[in-house]
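Visitor: prediction below, plus the sequence it came from.
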Amino acid sequence: MNLKTVTNVRRLGFQWDTADPFLFCVHHEDFFPKGNGKLGPDAALLKGRDIGQDFTVKDGFRMYHGSTVPGFPEHPHRGFETVTVVQRGMVDHADSQGAAGRYGGGDTQWMTAGRGMQHSEMFPLLHEDKDNTMELFQIWLNLPAKHKMVEPHFTMLWRDEIPVFTTADRNTEVTVVAGTLGDKKAPSPPPNSWAANPDNELAIWVVDMQPGAEWKIPAAKNGVNRTLYFFKGNYLSADGERIPPYHAADLTPEYETVLINGTEKGRLLILQGRPIGEPVVQYGPFVMNTQAEIQTASMDYRSTQFGGWPWQTSDPTHGDVSVGRFAKHADGKQETR
């Protein structure tokens, strides 16, 4: 192919660069040990860590901002959405609206922070008889100005509801978290999401390819941003251009891209969407359109705490392994799996 459809090949760090309408993506993969009966690792494994800011892999895992249970205790957001795609392990969610949940092993939580909320995301080590591996993608998706101050909301996309597109030779499987691929359409995102309008062609696809597998990514409309993140495997060819492992590449979406996987099983994430095309001003967990709006967000948080924190601790968890996957919404709606 004479047309160059692959551009800006780059190595991935801890935080992955993204294109509008996305803000950033992080791939968390932690090989947590057996639990200590209190949903955390053995205390001896915490020695030598920068507790509260533990982002360096030690003994195969990080504690992040957690002190006894790994994860992210109480923290605020405004003006965007978080999409948490859990591949392995469990996440315990709690928020300032009194909502809660436990999800994982293929589930996705899609949360619209909107005008402001606090939440926590803890990674309980439920198993005391075996290791507790955790793997997830945390994706930040921007909101347009007209939706930045909507009511907070979250939607659960349970694993049995998320469709999987499979090629005819069954050598490639694509989990369609958002968007449409072939005859597979993802569950509906939150109502105020940029993804809720199909004209925005937003897609979040997790792709699993067998050794030597070939798959042709279908074309999208002109003007859509599409990025491929190759995070597992030994090499990948995209329209003849070799993508090394743990690298990203921007793709020209209005043309098909032929992927050929290497000699090991390959995994990649594809993020796609029409740009919002508005100014982005970010200060930590607040993403607005102007610096004045950021200052207002900071003042609002200091004065209201975005509704306060109804939990007894900053890092609530929801019980031992006997508690299954569930979601309790702010309106009282209950879901169990």
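Guide: Received the coordinates, thanks. Numbering: from 1, shown residues only.
Visitor: quick one: low-confidence residue ranges for the stretch 151-300 of the chain.
Guide: Within the stretch 151-300 of the chain, no stretch has pLDDT under 70.
Visitor: which stretches of it form helices?
Guide: 291-304 (DSSP state H, counting those that start in this stretch).
Visitor: give me the distance between the two termini of stretch 309-320.
Guide: For stretch 309-320, the separation between the terminal residues is 23 Å (C-alpha to C-alpha, to the nearest Å).
Visitor: who's in contact with it?
Guide: The contact list for stretch 309-320 (C-beta atoms under 8 Å, 6 or more residues apart in numbering) reads 39, 66-69, 71, 73-74, 92, 94, 96, 98, 100-102, 118, 120, 122, 124, 126, 326. Glycine gets a C-beta too; all of them are placed from N, C-alpha and C.
Visitor: so how do I select the buried members of those residues in PyMOL?
Guide: Buried members of the contacts of stretch 309-320, defined by 16 or more other C-beta atoms under 10 Å, are picked up in PyMOL with:
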select buried, resi 39+66+67+68+69+71+73+74+92+94+96+100+101+102+118+120+122+124+126
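Visitor: so which of the contacts of stretch 309-320 belong to strands?
Guide: 71, 73-74, 92, 94, 100-102, 118, 120, 122, 326 (DSSP state E).
Visitor: of these, closest to residue 233?
Guide: residue 71 (28.1 Å; C-beta to C-beta).
Visitor: between the ones in strands among the contacts of stretch 309-320, which is closest to residue 151?
Guide: For these, the nearest to residue 151 is residue 118 (14.6 Å; C-beta to C-beta).
Visitor: which ones are touching residue 38?
Guide: 68-69.
Visitor: to clarify, my last question referred to residue 230.
Guide: Here residue 230 is in contact with 236, 243-249, 266-268 (criterion: C-beta under 8 Å, 6+ apart).
Visitor: how about residue 155: which residues does it bridge to?
Guide: Beta-bridge pairing for residue 155 (DSSP bridges): residue 110.
Visitor: can you get me a residue count around it?
Guide: If you count neighbours by other C-beta atoms under 10 Å, residue 155 ends up with 19.
Visitor: and for residue 268?
Guide: Look at residue 268: counted by other C-beta under 10 Å, it has 24 neighbours.
Visitor: thought it was touching residue 235?
Guide: No. Residue 268 lies out of contact with residue 235 (C-beta atoms under 8 Å); the separation is 11.9 Å.
Visitor: who wins for most neighbours among the contacts of residue 230?
Guide: Of all the contacts of residue 230, residue 266 has the most neighbours under the rule other C-beta under 10 Å, reaching 27 neighbours.
Visitor: OK, contacts around it?
Guide: For residue 266, the contacting residues are 207-209, 211, 213, 230, 232-233, 236, by C-beta under 8 Å, 6+ apart.
Visitor: including distance to residue 275, could those go into JSON lines?
Guide: As requested, these are exported to JSON lines (distance: C-beta to C-beta, whole Å):
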{"residue": "207", "distance to residue 275": "23"}
{"residue": "208", "distance to residue 275": "28"}
{"residue": "209", "distance to residue 275": "28"}
{"residue": "211", "distance to residue 275": "35"}
{"residue": "213", "distance to residue 275": "31"}
{"residue": "230", "distance to residue 275": "23"}
{"residue": "232", "distance to residue 275": "28"}
{"residue": "233", "distance to residue 275": "29"}
{"residue": "236", "distance to residue 275": "25"}
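Visitor: of those residues, grab the buried ones for PyMOL.
Guide: Isolation of the buried members of the contacts of residue 266 (16+ other C-beta under 10 Å) is achieved in PyMOL through the command below:
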select buried, resi 207+208+209+213+230+233+236
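Visitor: among the contacts of residue 266, which ones are in strands?
Guide: Per DSSP E, the contacts of residue 266 map to strands at 207-209, 230, 232, 236.
Visitor: which of those residues lies closest to residue 33?
Guide: Within the ones in strands among the contacts of residue 266, proximity to residue 33 (C-beta to C-beta) peaks at residue 232, which comes in at 22.0 Å.
Visitor: nearest residue to residue 205 other than its sequence neighbours?
Guide: residue 270 (4.4 Å; C-beta to C-beta, 6 or more residues apart in numbering).
Visitor: can you give me every residue that contacts the one you found?
Guide: 203-205, 207, 217, 226-229.
Visitor: closest one of the contacts of residue 266 to residue 10?
Guide: Residue 10 lies nearest to residue 230 out of these, by C-beta to C-beta, at 11.1 Å.
Visitor: any idea how far the closest one is from residue 83?
Guide: Between residue 230 and residue 83 the computed distance is 20 Å (C-beta to C-beta, to the nearest Å).
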